[in-house]
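Asks: give me coordinates for this.
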Amino acid sequence: MRGAAWVVLVVGLLGPRVALGACAWAYPVGDGPNSPAPLANNHPVGGMNLPEYGSHLGGDYWSGGGCTDFGQTVYAAADGEIVEVHDALGSYLDVVVIRHEDPEVGTVYTMYGHIARDAGIAAGQMVDYRQPIGTIDNVLAYFSPCHLHFEILSEEAFEQGPFCSGCAAAGYHVSPGYDQQAGVTPGADPGGDTWIEVNDAVAGNRWYHTNQFIDARLDATCGSCGDGSCDAGEDYDDCPADCPPCALIPPEGGTLDESGPCFEHGGNPMYWYEESGVGFESTLAWTHATDSAMVDDYGIWTLAFAEAGQYRLEAYVEPGHADTQMAAYQVAHAGSSDAAVVVQGGASGWTLVGEYAFAAGGGQSVRLNDNTGEPYDTMTRIVFDGLRLTRLDPGSGSEGSEGGDTLEGGLDTGPDLDDTAGGGPGGTGGEGSSGALLDTGDDGQALPGAEPLDSTGGCACGLPRGAGSAGRGAVLPWLAVLVIASRRRRRR
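Replies: The predicted model follows:
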């Protein structure tokens, strides 16, 4: 798949993003939203401390020389989702990137550099306005003073401007096509937000003036339920009129596909692949597993139930398209979180993940990460496809109905699929796949000596996931060259 077709692929995998409703913004440092301390210096975007680049693409926040501000708390500037976490990224030290949906300009990203990030911070987490994410770290080995490097950048800048991995000690975050001599062009959105755009071939590759952007939003308040906007503090449970679910699972259960609106793909789109003509609903997505301590790519299925109940959860695995032995499905259900390891390699059709009590309403999900523990150079494939939920306890729906006809919005319901055991659309496992579960600790890692539980009962606990062989799916020619040349997964 090439050119414009790749854009279609990415959009199809991502699905609609969650409306995060970042109404109010705050400075990322200081005791109050409008009292940054350390203070911003005099170049929030547009300074000259990187003269060879013509402009400084972020705001530096510090109040004194040396390491005066070491240990100052760094806060999320607005409600959002953490999309990247990088540890020890050269002179940037630790870096956190958060995605926000702003009512004025749409999707923007904030980047926090030269910090020591909090241990609990991870990609895929939702964070709140003014939630601590780390502290200013000691950067004196590279330059002075110790400070927070803070950026607000557009979707295009985030997608096209990866963290530079070969920029010596400086660790610039720039567009790959940025001509150092060409410099930048200033501009403003219709609402008045000012920015600089690097002069490359990427339209809309913008960095916002950080102080001005935040100043314009310090006194902003979110709307009220019924205003037609799903704002911060609102969700499907407390305001269904403004925050409808991507699909509502009926009492008898149903099936969600990765091509539908309830699936969100995250991480670097360069490492996602799609295949058609195979998988549930004739599509599937996959990526390669890694043994990194950090998540690179992941998928999340959002769940909302019409009725509380006990449900069997199964994942669809197309035979011959997955290799991982360690696909860890993380299931958030009824206020609890469990993980279950599924052996995708050798599985066929509907494969048991576990049995769970789900609450009525939203706020529940299934997540699958790529860092299964299997080395990237093994090219292990991990597949993201359909999920099936079958009601087990008596309820208002048809007890034990399996799968069904596709409804608008990617949700299936009704007793329509074959229900043969082992393989095929109706099976609960496949040849070479028992859907075995492993006991795990609170961190999702397998406990020493953990043994598979009987696949028909018990809690659903487990750990990492997988994927693996090379060459399948659509890959741009330049991406293939990159992969061959580096042989390792690169991060933004």
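Asks: and residue 366, that one's in a helix?
Replies: No - going by DSSP: H, G, I helix; E, B strand; the rest coil, the assignment for residue 366 is strand, not a helix.
Asks: what is the burial count for it?
Replies: If you count neighbours by other C-beta atoms under 10 Å, residue 366 ends up with 24. No exception for glycine: its C-beta is placed from N, CA and C like everyone else's.
Asks: show me the contacts for it.
Replies: Going by C-beta atoms under 8 Å, 6 or more residues apart in numbering, residue 366 touches 300, 301, 303, 313, 329, 330, 331, 332, 353, 387.
Asks: which residue is the nearest non-sequential neighbour of it?
Replies: residue 301 (4.5 Å; C-beta to C-beta, 6 or more residues apart in numbering).
Asks: from residue 269, how far out is that neighbour?
Replies: To residue 269, residue 301 is 18 Å away according to C-beta to C-beta, to the nearest Å.
Asks: check residue 236 too.
Replies: 27 Å.
Asks: what is the helix or strand containing the residue nearest to residue 366 packed up against?
Replies: Assigned by DSSP states H and E, residue 301 belongs to strand 298-305. Using 3 or more C-beta pairs under 8 Å, 6 or more residues apart in numbering; DSSP states H and E as the contact test, the elements touching strand 298-305 are strand 263-266, strand 361-369.
Asks: follow-up on the earlier one: shouldn't the residue nearest to residue 366 be in contact with residue 386?
Replies: No - counting by C-beta atoms under 8 Å, residue 301 stays clear of residue 386, with 9.2 Å between them.
Asks: list the residues that contact both of the two?
Replies: 256, 258.
Asks: what is the rounded mean pLDDT of the longest strand belonging to the chain?
Replies: Taking DSSP state E as the criterion, the chain has its longest strand at strand 106-117. The average pLDDT within strand 106-117 is 93.
Asks: confirm that residue 286 sits in a strand.
Replies: Yes - counting by three-state DSSP, residue 286 falls inside a strand.
Asks: follow-up on the earlier one: what is the following helix or strand past the strand holding residue 301 packed up against?
Replies: Remark: after strand 298-305, the chain's next helix or strand is strand 309-317, criterion DSSP H and E. Applying 3+ C-beta pairs under 8 Å, 6+ apart, we find strand 309-317 packed against strand 327-333, strand 349-358, strand 387-391.
Asks: and the ones you listed as a markdown table, adding mean neighbour count?
Replies: Converted to a markdown table, the helices and strands packed on strand 309-317 look like this (neighbours: other C-beta atoms under 10 Å):
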| stretch | mean neighbour count |
| --- | --- |
| strand 327-333 | 24 |
| strand 349-358 | 25 |
| strand 387-391 | 26 |
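Asks: and those strands as JSON lines, adding distance to residue 186?
Replies: Formatted as JSON lines, those follow (distance: least, C-beta to C-beta, whole Å):
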{"stretch": "strand 327-333", "distance to residue 186": "44"}
{"stretch": "strand 349-358", "distance to residue 186": "51"}
{"stretch": "strand 387-391", "distance to residue 186": "47"}
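Asks: dump those to CSV, plus distance to residue 227 and mean pLDDT.
Replies: Formatted as CSV, the helices and strands packed on strand 309-317 follow (distance: least, C-beta to C-beta, whole Å; pLDDT from 0 to 100):
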stretch, distance to residue 227, mean pLDDT
strand 327-333, 28, 97
strand 349-358, 29, 98
strand 387-391, 32, 98
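Asks: pLDDT wise, what is the nearest residue to residue 196 once chain neighbours are set aside at?
Replies: With C-beta to C-beta, 6+ apart as the criterion, residue 196 has its nearest non-adjacent residue at 4.2 Å, and that residue is residue 184. Predicted confidence (pLDDT) for residue 184: 76.
Asks: what bridges to residue 184?
Replies: residue 198 (DSSP bridges).
Asks: so how far is residue 335 from it?
Replies: Distance from residue 184 to residue 335, by C-beta to C-beta: 48 Å.
Asks: again with residue 359
Replies: 7 Å.
Asks: quick one, which of the two is more surrounded?
Replies: residue 359 (18 against 9).
Asks: could I get the contacting residues of that one?
Replies: Contacts of residue 359 by C-beta under 8 Å, 6+ apart are 305, 308, 333, 334, 335.
Asks: lowest pLDDT pick from those?
Replies: Of all of the contacts of residue 359, residue 335 carries the lowest confidence score, 90.
Asks: report the contact partners of that residue.
Replies: residue 359.
Asks: quick check: residue 254 touching residue 386?
Replies: No - assessed by C-beta under 8 Å, residue 254 is found out of contact with residue 386, at 10.5 Å.
Asks: okay, now residue 291: neighbour count?
Replies: Quick note: residue 291 (other C-beta under 10 Å) scores 15 neighbours.
Asks: return the residues in contact with it.
Replies: Contacts of residue 291 by C-beta under 8 Å, 6+ apart are 371, 372, 373, 374, 375, 376.
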